[in-house]
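> starting from these lines, generate the structure:
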Amino acid sequence: MGMEVDCKPEDLSKCSYDERCVELGEVKDMRLEAEAVVNDVLFAVSDMHVSHNLSSGLDVAYINVETREGNRYCLELTEAGLRVVGHTFDKVNDGLSSQYHETVYSLLDSLSPGYREAFGNALLQRLERLKQNGQ
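Modelled structure (predicted):
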């Protein structure tokens, strides 16, 4: 008696995140997590995208980010968190040992004053809108 799901494995790219979790046995797909990370903070960096040149999978994904200061990084996303693995897009430096960050916010906060400023400004704008809507 197999588990019933709404999509076939070959249709995973068309299924929702929840459907994929069922299909994959509740294992997070790091490619999906990486896309969510990018969408969450793209407004506060110059460029950010999931790497198409480095292999991503269920357990690891790579994200390229360019800060507002023009610094480029290759980030590794795993269950352990995010960490810098290279100082150019699509490049993993095996000799680089950087600490893991639980969130993309923490990692970017440590790398980019411009990110901190953009994030803070966005937060202030949102609070101002909430204040105006509440009156």
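> how about low-confidence regions in this protein?
Applying pLDDT under 70 to the chain picks out residues 1-27, 135.
> packing partners of the helix ranked longest in the chain?
Identified as the longest helix of the chain according to DSSP state H is helix 113-134. Applying 3 or more CB pairs under 8 Å, 6 or more residues apart in numbering; DSSP states H and E, one finds that helix 113-134 contacts helix 104-111. To be clear about C-beta, it is placed using only N, CA and C from the backbone, and glycine gets the same treatment.
> C-alpha coordinates for the helix it packs on, PDB please?
Backbone C-alpha positions of helix 104-111 (Å, rounded to 0.1, in the frame of the first residue of the first chain) are rendered in PDB as follows:
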ATOM      1  CA  VAL A 104      20.300  34.700   5.300                       C
ATOM      2  CA  TYR A 105      19.600  37.900   7.300                       C
ATOM      3  CA  SER A 106      22.400  37.100   9.800                       C
ATOM      4  CA  LEU A 107      24.800  36.200   7.000                       C
ATOM      5  CA  LEU A 108      24.100  39.400   4.900                       C
ATOM      6  CA  ASP A 109      24.100  41.500   8.000                       C
ATOM      7  CA  SER A 110      27.700  40.400   8.600                       C
ATOM      8  CA  LEU A 111      28.800  41.000   5.000                       C
END
